[in-house]
Every structure is written in structure tokens, then in C-alpha cells.
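**Q** below are the sequence and a predicted model; questions follow.
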Amino acid sequence: MDAWIDFLSNAPFDRTWMFTAAALLAVGVLLLLASLVALLRLRPLSFLFRVAFGAVLFSLGVIAATVAVGTAGYQALTREETAATIRVEPAGPQRFNAAVRLADGRTQTFSLAGDEIYVDAHILKWQPLANVVGLHTAYELDRIAGRYHALKDEQVSPRTVHALGAPKPIDLFSLRRRYVMLAPLVDAEYGSASFVPVRRPAELEVRVSTTGLLIREKAN
């Protein structure tokens, strides 16, 4: 519950969708209340109209609020861009530290085990129907991990994996994977990951495009 409150307090919601959701919910509730008045006054046709229209608007408001909350924390993606910069420093055999600065300004430092640094992302591709109302491809970096060269090391050596995305009360990416009915609106891309060896101190860029992730050393 505390994580949800923190998320709702600090997440960068799309104001247009939040305003739309609030307006639809408010009008929907007013119509539903008005339908009760019509029922008490024995006006069945007015009651049926108000309750039906109010239910539709309320449902649309819930959907708009779900989109607003579910996409909070995602960055709009219209071209290849830098999702994060990472400063890596070897800290011993198959050990290194990674200082991550995300596109939204958040910074985190991780101690990782392995020969390589691995990053993956959630990418939401909205279908043309959703594009009409202003929803376009968006991404959120999901996790960072250490990766070993050798399969045997992957099987027996320590594993280090950390979250990069913020916890959400509504995870639109997971909802899409769970419910096929959302396919006409949004596609959740899978396998959007990249990894590179860590042999020496370096500054890396995590680049993201509609085709996935790429990690490369930052040009001086």
C-alpha cells in the first residue's frame, strides 16, 4: 500500500488522460445519481436513459484512468533516444558497480555479479485505433542484471538482478500479456534486452527504439 501511495504521489501522469478520466467519472456519477431521482419519481424511460448513459461514461472514465495510471512512468518513444547512461567500474573478479542515470533524472547505483551488464525494457506499441486519441509507442526500463559469459557460471554463480521501473498499482504491460482482449489497442513487445561485456571503467548509453534496446560505449 505504501508503494502505491508513493507512486500515485510522485508518478508523472499524463494530465490530458487524468482530466478526461475525472470528467467522465464525474459526469457518469452525476447521471447515475440523476437516474435514482428519476426512479423515485416513477419515470422509467428517463431512469433507463440516465442509468445507461451514466454507466457508459463511468466505464469510459475507468478506462481513461487505467490508461493514465498504467502508462505513468513510461516515456514517449518517437525515434531512437537515450533511455539511460551507466557508469560501470570493475570491483573484482566477475564483480562490478553500475551507476545508472535514467532519462527522467532518477539515479541509482547497483553492485552486480558477472562478466557483462544486462538491461531490459517494457515497450508498449499502441495500435492505430489508440494512436487516433494520442497514444503512441512508449517504453520503461524494467531491470538491470549481471550476466556471465559461460553457461556454467550462469547456473552455479551468484545472480544479481535489480528493478529499474517504479512499482505501479496498475501494470498495463502485465495486463496486456494477461488479457488477449486488449490486443486491438496495445501490443506488449517481448525480448527487448541488450548486454555488453564489462572489462574496464566505461560510460555506457542505453539506446531505445521501436525495435528494442542497444547498449554501447558513450562517445567522448
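**A** Noted; the coordinates are in hand. Numbering: from 1, shown residues only.

**Q** quick one: the strands in the protein?
**A** 75-76, 81-92, 95-102, 107-113, 116-126, 138-147, 161-163, 186-189, 193-197, 202-209, 212-217 (DSSP state E).

**Q** want to throw the ones you listed into JSON lines with mean neighbour count and mean pLDDT?
**A** Where C-beta positions appear, they are placed from N, C-alpha and C, glycine not excepted. Formatted as JSON lines, the strands of the chain follow (neighbours: other C-beta atoms under 10 Å; pLDDT from 0 to 100):
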{"stretch": "strand 75-76", "mean neighbour count": "15", "mean pLDDT": "55"}
{"stretch": "strand 81-92", "mean neighbour count": "17", "mean pLDDT": "92"}
{"stretch": "strand 95-102", "mean neighbour count": "18", "mean pLDDT": "96"}
{"stretch": "strand 107-113", "mean neighbour count": "15", "mean pLDDT": "95"}
{"stretch": "strand 116-126", "mean neighbour count": "22", "mean pLDDT": "84"}
{"stretch": "strand 138-147", "mean neighbour count": "21", "mean pLDDT": "88"}
{"stretch": "strand 161-163", "mean neighbour count": "13", "mean pLDDT": "94"}
{"stretch": "strand 186-189", "mean neighbour count": "18", "mean pLDDT": "60"}
{"stretch": "strand 193-197", "mean neighbour count": "17", "mean pLDDT": "92"}
{"stretch": "strand 202-209", "mean neighbour count": "19", "mean pLDDT": "89"}
{"stretch": "strand 212-217", "mean neighbour count": "16", "mean pLDDT": "86"}
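
**Q** adding distance to residue 32, write those strands out as TSV.
**A** Converted to TSV, the strands of the chain look like this (distance: least, C-beta to C-beta, whole Å):
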stretch	distance to residue 32
strand 75-76	35
strand 81-92	43
strand 95-102	42
strand 107-113	45
strand 116-126	30
strand 138-147	33
strand 161-163	40
strand 186-189	29
strand 193-197	46
strand 202-209	43
strand 212-217	45
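
**Q** out of these, the one nearest residue 52 is which?
**A** strand 186-189 (27.5 Å; C-beta to C-beta).

**Q** which ones are touching residue 120?
**A** Counting by C-beta atoms under 8 Å, 6 or more residues apart in numbering, residue 120 touches 141-143, 192-194, 213.

**Q** residue 160 - how many residues pack around it?
**A** 18 (other C-beta atoms under 10 Å).

**Q** spit out the contact partners of it.
**A** Residue 160 makes contacts with 110-114, 145-146, as judged by C-beta under 8 Å, 6+ apart.

**Q** try residue 62
**A** So residue 62 contacts 21, 25 (C-beta under 8 Å, 6+ apart).

**Q** gap between it and residue 28?
**A** To residue 28, residue 62 is 9 Å away according to C-beta to C-beta, to the nearest Å.

**Q** ok, now residue 202?
**A** As judged by C-beta to C-beta, residue 202 and residue 28 stand 54 Å apart.

**Q** alright, that wraps it up for me.
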